[in-house]
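Visitor: sequence below, structure please.
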Amino acid sequence: MISREEANFYQENGYLLVRDVFNPDEIKEMRNAVDLIISRAAQSKFDKNHTWEGDYLGDEDVRKLVLKGFHEVHYHHASFNRAAVHPNMVAVLQQLIGPNVQLHHSKMLVKPPEKGAAFPMHQDYPYFPHTRHTMLAASVHLDDADEENGCLHVIPGSHKEGALPHVGKHYLDHRTYPISLGTPCVAKAGDVLFFNYLTIHGSNVNRSARPRRNVLFQYRDPQDEPLMETHFDWGMGLMVAGENADYFRFRERFAVRNNKD
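Guide: Next up is the predicted model:
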């Protein structure tokens with residue numbers, strides 16, 4: 001799916017945009033699934049705004065913006081299961097991570113037209129730190145994305161800086177790392193942006209009349225051990241390529257609670 005030169009580009013720069021990973025029919029099915037999830041959530045107690053909060057925007061501006069995000073989308077609709085293990089995805093992942101690839105979690109992020117919230121620059125590392133740093137995100141574009149509707153920006157090579165101190169764990173100081181510092185990753189629907197969890201990334205406000213819908217899958221080598229207890233997501237541990245040779249050592253540990261709320 002990708003050349004040796006492209007794999008080397010990822011290792012050097014910490015990101016890689018791969019074109020046409022999914023065909024139009026697959027994208028249409030995932031778009032419809034995202035709309036269904038949002039529609040169901042709007043009728044339940046689980047509907048909420050996931051807008052980032054902080055001094056990178058004024059309070060009044062933040063209140064006007066909207067970001068819809070839901071974890072474990074592959075439990076909501078089968079189209080995301082198929083996407084997570086799609087042969088085109090696996091072909092890229094095995095060149096970037098290795099022969100053995102495990103799904104860590106999935107989520108969707110939707111920026112509505114004209115009021116989609118920004119993502120300040122940040123690393124994903126603080127949320128789920130691991131020992132070998134094989135963790136990467138695969139951001140599937142369900143819509144064309146450009147600077148007008150808030151495409152992702154990355155700072156090439158920033159993964160080599162290691163873990164950086166974040167404001168309240170969530171984002172980097174916007175005065176040192178403004179979104180404008182990043183390289184815009186303009187993409188078409190069906191393209192996938194792969195980036196290491198140490199790569200600094202973010203995105204601006206959606207000021208267009210178009211939505212920006214993305215589905216994101218986080219993957220790792222199954223023997224890349226977590227450094228600490230991290231947030232639990234249902235579905236952690238699904239093998240999408242190769243084997244988990246040390247399953248009984250590295251399996252996720254969790255407890256099931258009876259929540260009556």
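Visitor: from here on, just use CA atoms for contacts and neighbour counts.
Guide: Fine.
Visitor: what's around the closest residue to Val110 other than its chain neighbours, how many residues?
Guide: The shortest distance from Val110 to any non-neighbouring residue, by C-alpha to C-alpha, 6 or more residues apart in numbering, is to Arg213 (4.5 Å). Arg213 has 25 neighbours, counted by other C-alpha atoms under 10 Å.
Visitor: now do the same contact list for Arg213.
Guide: 31, 108-111, 141-143 (C-alpha atoms under 8 Å, 6 or more residues apart in numbering).
Visitor: any idea how far the nearest residue to Leu172 once chain neighbours are set aside lies from Gln123?
Guide: The shortest distance from Leu172 to any non-neighbouring residue, by C-alpha to C-alpha, 6+ apart, is to His166 (4.7 Å). According to C-alpha to C-alpha, to the nearest Å, His166 and Gln123 sit 8 Å apart.
Visitor: looking at those two, which one has more neighbours?
Guide: Gln123 (25 against 14).
Visitor: does Gln223 touch Gly242 like I think?
Guide: No. Gln223 lies out of contact with Gly242 (C-alpha atoms under 8 Å); the separation is 11.9 Å.
Visitor: packing partners for the lengthiest helix in the chain?
Guide: What stands out as the longest helix in the chain, according to DSSP state H, is helix 24-42. If contacts are counted by 3 or more C-alpha pairs under 8 Å, 6 or more residues apart in numbering; DSSP states H and E, helix 24-42 sits against helix 78-84.
Visitor: now do the buried residues in the helix it packs on.
Guide: Using 16 or more other C-alpha atoms under 10 Å as the test for burial, helix 78-84 gives 79-80, 83-84.
Visitor: can you give me the helices for the chain?
Guide: Taking DSSP H as the criterion, the chain carries its helices at 4-13, 24-42, 59-64, 78-84, 87-96, 247-250.
Visitor: quick check: which of the ones you listed is nearest to Ala189?
Guide: Closest of the helices of the chain to Ala189 is helix 24-42, at 7.1 Å (criterion: C-alpha to C-alpha).
Visitor: where does pLDDT dip in the protein?
Guide: Low-confidence segments of the chain (pLDDT under 70): 41-69, 114-116, 169, 229-235, 249-261.
Visitor: so for it, which residue is the most central one in space?
Guide: In the chain, the residue lying closest to the centroid (C-alpha atoms, centre = their mean) is Leu216, at 3.7 Å.
Visitor: thinking again about what came up before, which residues do His166 and Gln123 both contact?
Guide: Counting by C-alpha under 8 Å, 6+ apart, the contacts common to His166 and Gln123 are Leu172.
Visitor: for the protein, what's the longest strand?
Guide: strand 101-111 (DSSP state E).
Visitor: that strand vs helix 87-96, what angle?
Guide: 120 degrees (axes from the mean of the first three to the mean of the last three C-alpha atoms, to 10 degrees).
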